[in-house]
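# Output the structure for:
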Amino acid sequence: MKYHHLRFYSQLVWLLTLITSTIATSALAQPANFAELKLSPGFKASQGTIIGNTGGTDLLSNISNRDQNQNVCTGFATTNPDHILILEQDFDKLKILVDSGGQDTTLLIKGPEGADNETVRCGDDTGKNKDASIDSKQWRKGTYKIWVGTFDLGLRQSYTLTVQQ
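As a prediction, the model looks like this:
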């Protein structure tokens, strides 16, 4: 009888460990809603273009209120990032643009993943255009999460995301 309790408890501990590790792994993985980009310096324009749809109920300010340059991070997006950007080498400068046909979009990029201090970059209107963009220097090699948001809760709007050197 003593051994049955011991065996039961060891199986219970094993099961709880498995459940905990599965939950932790899925929380960290955060798969993207749409396609990923994998870029190296000198990439072709077509390699830096992907499509997606906005539509979420989570505030981007829950990820970060402000970015590295004190720009406000605003808008609604989904919990999971819309895209994953993998930079295979460092880039001196990148420009990321959203084209939704002039809708009022926002942008938040976080990474590189696993760095001691992940950088957050946020963007809103581009000049007179309501579509968001981020024009920034010193992009380190690694994996970045990209959220495309809107100011309207749950608004589904198709867009093209373009990365330029």
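
# alpha carbons only for contacts and neighbour counts from here, please
Will do.

# Which stretches in this structure count as helices?
Counting by DSSP state H, the chain has helices at residues 2-29.

# Please parse it into its domains.
Domain assignment for the chain, taken from automatic domain parsing, gives 1-30, 32-164.

# any chance of those domains in JSON lines, plus mean pLDDT and mean neighbour count?
Formatted as JSON lines, these follow (pLDDT from 0 to 100; neighbours: other CA atoms under 10 Å):
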{"stretch": "domain 1-30", "mean pLDDT": "46", "mean neighbour count": "11"}
{"stretch": "domain 32-164", "mean pLDDT": "95", "mean neighbour count": "18"}
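
# Contact partners for the nearest residue to residue 66 once chain neighbours are set aside?
Nearest non-adjacent residue to residue 66, counting by CA to CA, 6 or more residues apart in numbering: residue 72, 4.5 Å away. By CA atoms under 8 Å, 6 or more residues apart in numbering, the contact set of residue 72 is 61, 65-66, 122-123.

# Please apply the same query to residue 122.
Residues 66-67, 71-73, 106-109, 134 are the ones in contact with residue 122 under the rule CA under 8 Å, 6+ apart.

# same thing with residue 113?
By CA under 8 Å, 6+ apart, the contact set of residue 113 is 142-144.

# And residue 136, by the same measure?
Residues touching residue 136, when contacts are defined by CA under 8 Å, 6+ apart, comprise 93-95.

# Just to check, residue 161 is in contact with residue 101?
No - Residue 161 is beyond contact range of residue 101, at 11.7 Å (criterion: CA atoms under 8 Å).
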